[in-house]
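**Q** With the sequence up front, the predicted model follows.
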Amino acid sequence: QVQLVESGGGLVQAGASLRLSCAASGRTFSNSIMGWFRQAPGKEREFVAGISWSGDTTNYADSVKGRFTISRDNAKPMVYLQMNNLEPEDTAVYYCAASNAGSSRSTKIYQYGSWGLGTQVTVSS
C-alpha cells in the first residue's frame, strides 16, 4: 500500500498556474503507476493525468492536454501536477492515486488502489 497526501491547491484567477504536490510513503511507490484525478461538484471523479513508474511515459485527458504536466521524483518520493492556463472548468477537488498494475494509460478509478484525501482547486473567471 502507498499512503498519499496532496497539497498545493488554492483559489486563483483564470489564466493562472498552480503546482499540486503529492507526498507518498510506502515501499511500493517506485513501482507504482501514479495518477491525478479530479471531481467537480455534482460530477463524477475523472482521470486527469497518469505517469509510469519510471516517469518516461505520461498520459493526459484531452481537456488538460497541453496545459497540465505530471511528473514524479521517486527519490523524494513525490508526484507533481503542474497546471498552467487554468480555466474555471478546472475547478474541482484533485486527488492523487497509486496503482500497482497497469500503465500510465490506466484511466479508470478501479485501477487505482490507493488514494489521497484531495486538495481543492478553485479557478475564478
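**A** Structure received. Just so it is clear, the structure is predicted and the values come from calculations on it, not from any experiment. Numbers count the residues shown, from 1 in each chain.
**Q** neighbours of S25, just the number please.
**A** Residues contacting S25 under the criterion other CB atoms under 10 Å number 11. Backbone N, C-alpha and C define where each C-beta goes, glycine included.
**Q** Now the phi/psi pair for it, please.
**A** Dihedral angles of S25 (phi, psi; degrees, to the nearest 10) stand at phi -140, psi 150.
**Q** For L11, list the residues it contacts.
**A** Under the criterion of CB atoms under 8 Å, 6 or more residues apart in numbering, the neighbours of L11 are T122, S124.
**Q** Looks to me like it is in a strand.
**A** Yes. Checked against DSSP: H, G, I helix; E, B strand; the rest coil, L11 lies within a strand.
**Q** Next one, pLDDT for it please.
**A** Here the pLDDT value assigned to L11 is 98.
**Q** Quick one: residues contacting T119.
**A** Neighbour list for T119: E6, S7, G8, G9, L20, V93, Y94 [criterion: CB under 8 Å, 6+ apart].
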